[in-house]
Every structure is written in structure tokens, then in C-alpha cells.
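1. With the sequence up front, the predicted model follows.
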Amino acid sequence: MTEQANEYEYFTEMHSGYQPPRLDGLWRRRGSGAWEYLSLLDWGWHPADENETVKGPPMATSLEPITADRAAELEADRQSWVEYWAMYLDEAEFRDGVAPVTVVRRRSSPERVMDEAFVAGNAWAPDPVVYEFTHFRTDHHLEEITADQAEHLIRELRGVSGATEL
């Protein structure tokens, strides 16, 4: 971060639906100035009011102040913002020990949530399976895994390395 960036106050947005709560966003402002958020899709800082999607910061109760150094660490650690799952065709296959068919991931950014699956052609592509699974609208079964486990599984299933790099 530049010296100018240190003039900012930094905040993490916490998602309280998990125990312990998970980081859900990184925000900053200079004094009483306009709020900016870190896009977890393009990894740049954007004014909160630059489009119709993000009109302002989250409620103050979900923001926790952090130091500029901690903000720099979080900004650099892109994997900490991504959730990965091994995808099985159904829960019975998972219970029977059948190998997963692919890896899916979610990047929850203030401007939108991006759910993707690692698909044929060895690329990430938009896919609704995470949303469908979390809203009980699919037969697929997902098991949460770490970024390292996702990388290993993709290498095992597709022979591709570096697929989880952001």
C-alpha cells in the first residue's frame, strides 16, 4: 500500500451466519469521505456509489475496524475470500465414497456473488450449483474444502495445476 493509502480507515465486513463469523468484505474511507470496497472479482478498490449494485457500506454492526497493515494482508491473501467445495452428483455417492466430479467455488463480493465450477476446457465458468445447494434446490452434494484441497482435487481429476490461482 502507498503512504496515501495509510490515510484510510479500514474495516472488515463480517458474515455472522458462520461460527466463527467469516470475512465478507473489505471497506475503507478517508475521514468522513466516501466509502470504497475491495472488489473480490477484479481485486480493485471501487467507490461504493459508482453503480446501482453497491449504494453504500454495510450496516455499522457488521463492520469491524482493522489496521492498514491488516488490510494490506487481507488484500494480498486472495484465497481467504474464496469458498471451495467438492461436488458430488448426489449425497448417496458422497456417502458411498465415490469421487467428486468437480470443484465449485464462491466469491462473495459487495457488487455480486460469483459462483463458478471448474468445467470441461479446464476453466472456471459461472454455475448455479452453490446457490442451488444452499437453497435446497439440487440433488448435487457439496462438501466444503480448502483452497489447497481444491487445487489437489482439480489436479487429480483434470491433471491441471494452478487452477485455484486468483
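-> Structure's in. What do you need? Residues are numbered from 1 along each chain as shown.
2. for the protein, what spans make up the helices?
-> Using DSSP state H, the helices of the chain run over residues 68-76, 91-95, 129-134, 147-158.
3. Mean pLDDT, distance to residue 10 and mean neighbour count added to those helices, as JSON lines?
-> For the C-beta atoms, the positions are set from N, CA and C on the backbone; glycine is no exception. Below are the helices of the chain laid out as JSON lines (pLDDT from 0 to 100; distance: least, CB to CB, whole Å; neighbours: other CB atoms under 10 Å):
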{"stretch": "helix 68-76", "mean pLDDT": "95", "distance to residue 10": "4", "mean neighbour count": "15"}
{"stretch": "helix 91-95", "mean pLDDT": "93", "distance to residue 10": "40", "mean neighbour count": "13"}
{"stretch": "helix 129-134", "mean pLDDT": "91", "distance to residue 10": "28", "mean neighbour count": "16"}
{"stretch": "helix 147-158", "mean pLDDT": "97", "distance to residue 10": "23", "mean neighbour count": "17"}
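4. Would you mind splitting the protein into its domains for me?
-> For the chain, automatic domain parsing gives the domain ranges 4-76, 80-158.
5. Out of these, name the one with the poorest average pLDDT.
-> Among these, domain 4-76 carries the lowest mean pLDDT, a mean of 85.
6. Any chance of the helices of the chain in JSON lines with distance to residue 33 as columns?
-> Output for these, formatted as JSON lines (distance: least, CB to CB, whole Å):
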{"stretch": "helix 68-76", "distance to residue 33": "16"}
{"stretch": "helix 91-95", "distance to residue 33": "49"}
{"stretch": "helix 129-134", "distance to residue 33": "35"}
{"stretch": "helix 147-158", "distance to residue 33": "34"}
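7. out of those, nearest to residue 101?
-> Of all the helices of the chain, helix 147-158 sits nearest to residue 101, with 7.7 Å by CB to CB.
8. and the domains of the chain as a markdown table, adding distance to residue 165?
-> Compiled in a markdown table, these are given as follows (distance: least, CB to CB, whole Å):
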| stretch | distance to residue 165 |
| --- | --- |
| domain 4-76 | 12 |
| domain 80-158 | 9 |
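9. would you list every one of the strands in the protein?
-> Taking DSSP state E to define them, one finds strands in the chain at 9-15, 22-29, 35-38, 45-47, 63-66, 82-88, 102-109, 112-119, 123-126, 141-145.
10. gap between the residue sitting furthest away from the middle of the chain and residue 128?
-> Distance to the chain centre peaks in the chain at residue 96, reaching 29.5 Å (criterion: CA atoms, centre = their mean). As for residue 96, its distance to residue 128 is 25 Å (criterion: CB to CB, to the nearest Å).
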